[in-house]
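Colleague: please find the sequence and the predicted model below.
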Amino acid sequence: MQPISFRTRLFLYAAVLLIGLLSAGCQRQSQALPPPPAPEVATVTVRPQKVLLTTQLAGRTSAFRVAEIRPQVNGLVRKRLFTEGTDVAAGDVLYHVDPASFEAALNNAKAALGRSEANLPAIRSRVERYGQLLAEKAVSQQDYDDADAALKLAEADIAYWKANAETARINLAYTRITAPISGRIGRSAITEGSIVTAYQPMALATIQQLDPIYVDVPQSANALLRLKQRLAQGQLNQNGNNQNKVRLLLEDGTVYPLQGTLQFRDITVDPTTGSVTLRVVFPNPDGVLLPGMFVRAVIKEGVNERAILIPQQAVSRDQKGNPAALVVDAEDKVRQRMLALDQAVGDQWLVSSGLSQGDRLIVEGIQKVRPGAAVRVIALGAGGHAGDAKLGNRAAPAPKSN
């Protein structure tokens, strides 16, 4: 083995010295780096507020009044006097049944009545004369009794034919089938020349009154019980003149321009659905609402005087699906709060327990922190990027009652 030359040894010594210097410099640089800053989070301050709580319930419209047109006499339909799908007024003639047989029956009753009335004066005069002669014993008691019986029979006969004439007059009037209510009439089930019978099962046509119109909305019995409990516990206040006013959303999501009035809640729970029916009356002057339409009614439950609303983005779920939120304590450290949520109000949750006034709720930056970690709080405001905004600015306040 050849000995290492002086030049080679000098080069090796320089390389080792250079490596040592570089290693020492790196260690000093790593020791001089500052610790990473605390993660930034945006918060809102929880403040109770007065909020009007509503619930949306699906329902269907139904006519305010419905009249099925059926004949009250037998006969042949001679005319139909309405246009299908138009509005008719109460008393308008819809169908005309052939009146010939009914006119004959009325004339027959009138003739018989006239005959009976013609005989009455003579019979009454006979009874009066027999009464005078009976006092003078010129006629027997039997003769007087026979004359008196004939008078009573004539009077009864007149009453009978009067009743017959009135019945015939009523039946003749029934040949003109009229509208019992005002409203919009649908299609006709018969045409001219059809034979109809009195009170037949099949309706000739149907009239529906559409202004105003009903909206029938089913509400679960559990929701109704929960509402009653919150009222009893003082969590909700239903005082106010407009408490029974209801808004309506149409099938396409548009808002119906006129408000309705909650008329009543049914007192019977449907055993098949477990719900009760709420009936709301809406004005319908332009005929926008038609029977059978699917709609959503916005029902006022009441006013929560100290409601806590939080953005939905601030709520997360644990592995069991329980809602939770992160708050920042007085030491700027993250704490987890388990929540009890009541219902959604727009893009917010109504919290029934888990948060209190003054809590700083983390809205943005939740993914970057864990409970117990120190954080730096920044402001949250308009557009989601400015300052510690109050939740009261994120939900519409309840209207003041008159």
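Modeller: Nice, thanks for sending it over. Numbering: from 1, shown residues only.

Colleague: for the longest strand seen in the chain, packing partners?
Modeller: Using DSSP state E to define each element, the chain has its longest strand at strand 49-69. Strand 49-69 sits against strand 183-185, strand 205-220, strand 275-282, strand 294-311, strand 340-345, with contacts defined as 3 or more Cβ pairs under 8 Å, 6 or more residues apart in numbering; DSSP states H and E. Glycine gets a C-beta too; all of them are placed from N, C-alpha and C.

Colleague: okay, the angle between the longest one and strand 49-69?
Modeller: Calculated by axes from the mean of the first three to the mean of the last three Cα atoms, to 10 degrees, strand 294-311 forms an angle of 170 degrees with strand 49-69.

Colleague: hmm, back to that, out of the helices and strands packed on strand 49-69, which gets nearest to A147?
Modeller: strand 205-220 (57.2 Å; Cβ to Cβ).

Colleague: so V315 touches W349, yeah?
Modeller: Yes. Between V315 and W349 there is a contact under Cβ atoms under 8 Å: 5.8 Å.

Colleague: give me the common contacts of these two.
Modeller: P323, L339, L341 (Cβ atoms under 8 Å, 6 or more residues apart in numbering).

Colleague: so which of those residues wins on neighbours?
Modeller: L339 (20 neighbours; other Cβ atoms under 10 Å).

Colleague: how far away is the closest residue to it other than its chain neighbours from P323?
Modeller: Computed as Cβ to Cβ, 6 or more residues apart in numbering, the closest residue to L339 that is not its neighbour in sequence is G354, at 3.6 Å. Plainly put, G354 is 8 Å away from P323 if you go by Cβ to Cβ, to the nearest Å.

Colleague: shared neighbours of the two, which are they?
Modeller: M338, L339, A340.

Colleague: could you dump those residues to CSV with distance to R306 and pLDDT?
Modeller: Below are these laid out as CSV (distance: Cβ to Cβ, whole Å; pLDDT from 0 to 100):
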residue, distance to R306, pLDDT
M338, 20, 91
L339, 16, 91
A340, 15, 88
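
Colleague: and which of the residues you listed is nearest to A156?
Modeller: Nearest member of those to A156, counting by Cβ to Cβ, is A340, at 82.9 Å.

Colleague: the closest one bridge partners, please.
Modeller: S353 (DSSP bridges).

Colleague: I'd assumed L355 was in contact with it.
Modeller: No. Between A340 and L355 there is no contact under Cβ under 8 Å: 9.8 Å.

Colleague: looking at these two, which is more packed in?
Modeller: A count of neighbours by other Cβ under 10 Å puts L355 above the other of A340 and L355, at 19 against 11.

Colleague: could you measure from the more buried one over to I123?
Modeller: 99 Å.

Colleague: and R265, by the same measure?
Modeller: For R265, the distance to I123 - Cβ to Cβ - is 67 Å.

Colleague: please say which of these two ends up with more neighbours.
Modeller: More crowded of R265 and I123, by other Cβ under 10 Å: I123, with 17 against 12.

Colleague: ok, back up a step: note down every partner strand of the longest strand of the chain and its orientation.
Modeller: strand 205-220 (antiparallel), strand 294-311 (antiparallel).

Colleague: next helix or strand past the last one?
Modeller: The reference is to strand 294-311. Scanning forward in sequence from strand 294-311 by DSSP states H and E, the next helix or strand is strand 316-317.

Colleague: gap between the helix or strand following that following strand and the chain center?
Modeller: Downstream of strand 316-317, the first helix or strand assigned by DSSP H and E is strand 323-328. Remark: strand 323-328 is offset 36 Å from the chain centroid, using Cα atoms, centre = their mean, to the nearest Å.

Colleague: buried stuff in the helix or strand following strand 323-328?
Modeller: Following strand 323-328 in sequence order, the next helix or strand is strand 334-338 (DSSP H and E). Judged by neighbour count (16 or more other Cβ atoms under 10 Å), strand 334-338 contains these buried residues: V334, R337.

Colleague: what angle separates strand 334-338 from strand 323-328?
Modeller: Using the same axes, to 10 degrees: strand 334-338 against strand 323-328 is 150 degrees.

Colleague: check which helices and strands strand 334-338 sits against.
Modeller: Counting by 3+ Cβ pairs under 8 Å, 6+ apart, strand 334-338 packs on strand 323-328.

Colleague: at 10 Å instead, please
Modeller: Judged by 3 or more Cβ pairs under 10 Å, 6 or more residues apart in numbering; DSSP states H and E, strand 334-338 is in contact with strand 323-328, strand 348-353, strand 360-364.

Colleague: pull out the buried residues from the first one.
Modeller: Of the residues in strand 323-328, those scored as buried under the neighbour-count criterion (16+ other Cβ under 10 Å) are P323, A325, L326, V327, V328.

Colleague: mind listing what the second one touches?
Modeller: Contact partners of A325, counting by Cβ atoms under 10 Å, 6 or more residues apart in numbering, are 46, 310-311, 314-316, 335-339, 349, 351, 354-355, 359, 361-363, 366.

Colleague: likewise the fourth one?
Modeller: Counting by Cβ under 10 Å, 6+ apart, V327 touches 43, 46, 314, 333-337, 354-356, 358-362, 371.

Colleague: ditto for the first one
Modeller: Applying Cβ under 10 Å, 6+ apart, one finds that P323 lies in contact with V315, S316, R317, R337, M338, L339, A340, L341, W349, V351, G354.

Colleague: right, and L172 touches P99 too?
Modeller: Yes. At 5.8 Å, L172 and P99 qualify as touching, with contact defined as Cβ atoms under 10 Å.

Colleague: what about the stretch 201-350 of the chain, any weak spots by pLDDT?
Modeller: 230-231, 233-243 (pLDDT under 70).

Colleague: fine by me, we can end here.
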